[in-house]
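Peer 1: Sharing a sequence plus its predicted fold:
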Number of protein chains: 2
Amino acid sequence: MNWGHIDRYAKSLIKEAGHQIRVSFYQQIDVETKADANDLVTNIDREVERFFINRIKRDFPTHRILGEEGFGDEVQSLEGVIWMLDPIDGTMNFVHQKRNFAISLGIYVDGVGMLGYIYDVMGDDFYHAAKGEGAYLNDERLSQLEITPLSDAIIGINASWVAPNRHIDNEKVIELVKACRGTRSYGSAAIELAHVSAGRLDAYVSMRLSPWDIAGGIVIAQEVGAVATNLKGEAPGLLGQEPFIVARPGLHRDLLTNYIKLKQ
Amino acid sequence: MNWGHIDRYAKSLIKEAGHQIRVSFYQQIDVETKADANDLVTNIDREVERFFINRIKRDFPTHRILGEEGFGDEVQSLEGVIWMLDPIDGTMNFVHQKRNFAISLGIYVDGVGMLGYIYDVMGDDFYHAAKGEGAYLNDERLSQLEITPLSDAIIGINASWVAPNRHIDNEKVIELVKACRGTRSYGSAAIELAHVSAGRLDAYVSMRLSPWDIAGGIVIAQEVGAVATNLKGEAPGLLGQEPFIVARPGLHRDLLTNYIKLKQ
């Protein structure tokens, strides 16, 4: 397996898809009515998915693709090479904001993340990592994350998990909100993983994430020393939806021990 | 009063300050230890404040300045021309993220907002408006906001207000979180006001905002038809801290009537 080649290929594919999305947005300015504009956004979404699947299938016919929109393969085990792809992570932002969404891709071999990519398309921020070779934002290497106490930490967590919900004890989350320095919510798991990797958030927690939401980000996060697990502290399963947490090392344990409690 | 001149002057001042901040960040890469780096960030903050105050005092000696850091004037009434300035709105983002902060400026005459500016420095997004002449993001005119039902709305609200707090009934906020399409929190009132004005958020609510946080954004928001008030539905007082809401027209009434309830 020539990982240097696959890495260059994946980067080029992602950049090309990002360019297509931006061009489509500029063309969309000509569209008259809002209904038509929404259709166009949905079409962009579908086109980007097809673009990825067609290219990967053509150029890596033995690899499998695990993706959101079902154009990929039925993946029931992690054997072999799997491209875990979300062509547009942060769909609500994509539709409502036309920014703050990302292309997210992780390439795994037998369940081990080898390459990870998050491309914030409108911000033109490209996060990428190869296992064992560090993580980068564009051309700049990201620093190893140091330990930060909770009282200094900014936590990425959506208001949904502070309200009563069926996944976690929200009373504990309320304690967390009061104990940390501040909270943020950006509406894209990939972008929030990128923020944790770049040291802009100290942790990110969400209850309903799919493999394609986090696969790329996990590779990047691990390269800077962040800890990414499910809420039992185990490695993410990457075959179905799961609750997910990523954080600086000491903070990860503090959050799981004291604040993020799965309901039985 | 030559408003065209003041508008050009203010824009130029803000752009120059933004440039200084970016240059300071690039220089900071050379700083060795984290403690020194934090000092440097604090110094940038102070320098930007002094830059604004010195220039405005020199060139508009009869105008007053209402600003966060106390280098400005003691402002106890809204008579005359007042520059309401937050040189760096979103201080926590500024320190921790080195992005997602803004320069916020509103120029008011006898309490009426004439000019408004929000400059997302690292994103290089410049929002600006002159009363009665529309609002712009960079060179592009922002559209008038249309009515959006709550079920389609993305609300800017921090997790703090979903947790029990002394300002509003958090049980009602929990209902809001469940009734809306989604929530976001960006950590800068100015940027969230800009998002509402650009149609990327449908509302933004916060309990503790000062005049300089919202003065510029209110001018911009009003030019696109957003409604900005305190939580009693009155025009913001602009002389002290107050709870604040800005939203699309119909949504503003819905939120104040049904979901955002001040504690007595």
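Peer 2: Looks like it arrived, so ask away. In this text, all values refer to a predicted model and were calculated from it rather than measured experimentally.

Peer 1: make it CA atoms for all contacts and neighbour counts henceforth
Peer 2: OK.

Peer 1: Got the phi and psi for residue A:118?
Peer 2: phi -130, psi 120 (degrees, to the nearest 10).

Peer 1: nearest spatial neighbour of it, skipping sequence neighbours?
Peer 2: Using CA to CA, 6 or more residues apart in numbering or on different chains and skipping residues adjacent in sequence, the residue nearest residue A:118 is residue A:104, 4.6 Å away.

Peer 1: can you check residue A:224 too?
Peer 2: residue A:144 (4.4 Å).

Peer 1: Can you get me a residue count around that neighbour?
Peer 2: Per other CA atoms under 10 Å in any protein chain shown, the neighbour tally for residue A:144 reads 18.

Peer 1: How about the contacts made by it?
Peer 2: Shown in contact with residue A:144 (CA atoms under 8 Å, 6 or more residues apart in numbering or on different chains): A:223, A:224, A:225.

Peer 1: can you pull the contacts of the first one?
Peer 2: Shown in contact with residue A:223 (CA under 8 Å, 6+ apart): A:129, A:131, A:132, A:133, A:134, A:135, A:144.

Peer 1: re earlier: just give me the closest of the contacts of residue A:144 to chain B.
Peer 2: Chain B lies nearest to residue A:224 out of the contacts of residue A:144, by CA to the nearest CA, at 16.3 Å.

Peer 1: Tell me the spacing between the closest one and residue A:169.
Peer 2: Per CA to CA, to the nearest Å, residue A:224 is found 30 Å from residue A:169.

Peer 1: Settle it for me: which of these two has more neighbours?
Peer 2: residue A:224 (23 against 19).

Peer 1: distance of that one from residue A:147?
Peer 2: From residue A:224 over to residue A:147 (counting by CA to CA), the distance is 12 Å.

Peer 1: same question, residue A:232
Peer 2: Distance from residue A:232 to residue A:147, by CA to CA: 21 Å.

Peer 1: likewise residue A:81?
Peer 2: Counting by CA to CA, the separation of residue A:81 from residue A:147 is 34 Å.

Peer 1: Parallel or antiparallel, list what pairs with the helix or strand that contains the residue nearest to residue A:118.
Peer 2: In this assignment (DSSP states H and E), residue A:104 forms part of strand A:102-109. Here strand A:102-109 is paired, per DSSP bridges, with strand A:81-89 (antiparallel), strand A:112-120 (antiparallel).

Peer 1: Now that strand - C-alpha only, CSV.
Peer 2: Output of strand A:102-109 as CSV, limited to C-alpha atoms (Å, rounded to 0.1, in the frame of the first residue of the first chain):
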residue,chain,number,x,y,z
ALA,A,102,-16.7,20.4,6.4
ILE,A,103,-15.7,17.5,4.2
SER,A,104,-14.6,14.8,6.6
LEU,A,105,-12.7,11.7,5.6
GLY,A,106,-10.8,9.0,7.5
ILE,A,107,-9.0,6.1,5.7
TYR,A,108,-8.8,3.0,7.9
VAL,A,109,-7.1,-0.4,7.5
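
Peer 1: If we go by neighbour counts, what in that strand is buried?
Peer 2: Residues of strand A:102-109 classed as buried: A:102, A:103, A:104, A:105, A:106, A:107, A:108 (neighbour count, 16 or more other CA atoms under 10 Å in any protein chain shown).

Peer 1: check contacts around the closest residue in space to the fifth one that isn't next to it in sequence.
Peer 2: Closest residue to residue A:106 in three dimensions, ignoring its sequence neighbours and counting by CA to CA, 6+ apart: residue A:216, at 3.7 Å. Residues near residue A:216 by CA under 8 Å, 6+ apart: A:84, A:104, A:105, A:106, A:107, A:113, A:115, A:116, A:117, A:118, A:190.

Peer 1: what ranges do the helices span in the stretch 51-200 of chain A?
Peer 2: Assigned by DSSP state H, counting those that start in this stretch, the helices in the stretch 51-200 of chain A fall at A:91-96, A:170-179, A:189-197.

Peer 1: So which bits of the stretch 101-250 of chain A are right by chain B?
Peer 2: A:123, A:158-160, A:162-164, A:174, A:177-178, A:183-187, A:199-201 (CA under 8 Å from any CA of the partner chain).

Peer 1: Turn the contacts of residue A:144 into CSV, including secondary structure, pLDDT and distance to residue A:246.
Peer 2: Below are the contacts of residue A:144 laid out as CSV (DSSP: H, G, I helix; E, B strand; the rest coil; pLDDT from 0 to 100; distance: CA to CA, whole Å):
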residue, secondary structure, pLDDT, distance to residue A:246
A:223, helix, 98, 13
A:224, coil, 98, 12
A:225, coil, 98, 10
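
Peer 1: What does the pLDDT read for the spatially most central residue of chain A?
Peer 2: Most central in chain A under CA atoms, centre = their mean is residue A:190, positioned 2.3 Å from the mean C-alpha point. For residue A:190, the model assigns a pLDDT of 98.

Peer 1: Contact partners for it?
Peer 2: Residue A:190 neighbours (CA under 8 Å, 6+ apart): A:89, A:90, A:102, A:103, A:104, A:118, A:213, A:214, A:216, A:217.

Peer 1: Between those, which sits nearest residue A:205?
Peer 2: Closest to residue A:205 out of the contacts of residue A:190 is residue A:214 (11.5 Å), distances taken as CA to CA.

Peer 1: For the residue in the stretch 1-150 of chain A positioned nearest to chain B, give me its contacts.
Peer 2: Relative to chain B, the nearest point of the stretch 1-150 of chain A is residue A:97 (4.5 Å; CA to the nearest CA). Each residue near residue A:97 by CA under 8 Å, 6+ apart is listed here: B:199, B:200, B:201.

Peer 1: My guess is residue A:14 contacts residue A:103. True?
Peer 2: Yes - assessed by CA atoms under 8 Å, residue A:14 is found in contact with residue A:103 at 7.1 Å.

Peer 1: what residues are shared contacts of those two?
Peer 2: Common neighbours of residue A:14 and residue A:103 (CA under 8 Å, 6+ apart) are residue A:119.

Peer 1: Next, format the contacts of residue A:190 as TSV and append pLDDT.
Peer 2: Putting the contacts of residue A:190 into TSV (pLDDT from 0 to 100) gives the following:
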residue	pLDDT
A:89	94
A:90	94
A:102	98
A:103	97
A:104	97
A:118	98
A:213	96
A:214	98
A:216	98
A:217	98
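
Peer 1: From the recorded domain assignment, give the ranges for chain A.
Peer 2: With domains defined by automatic domain parsing, chain A comprises A:3-141, A:150-258.

Peer 1: Right, I'll call it a day here.
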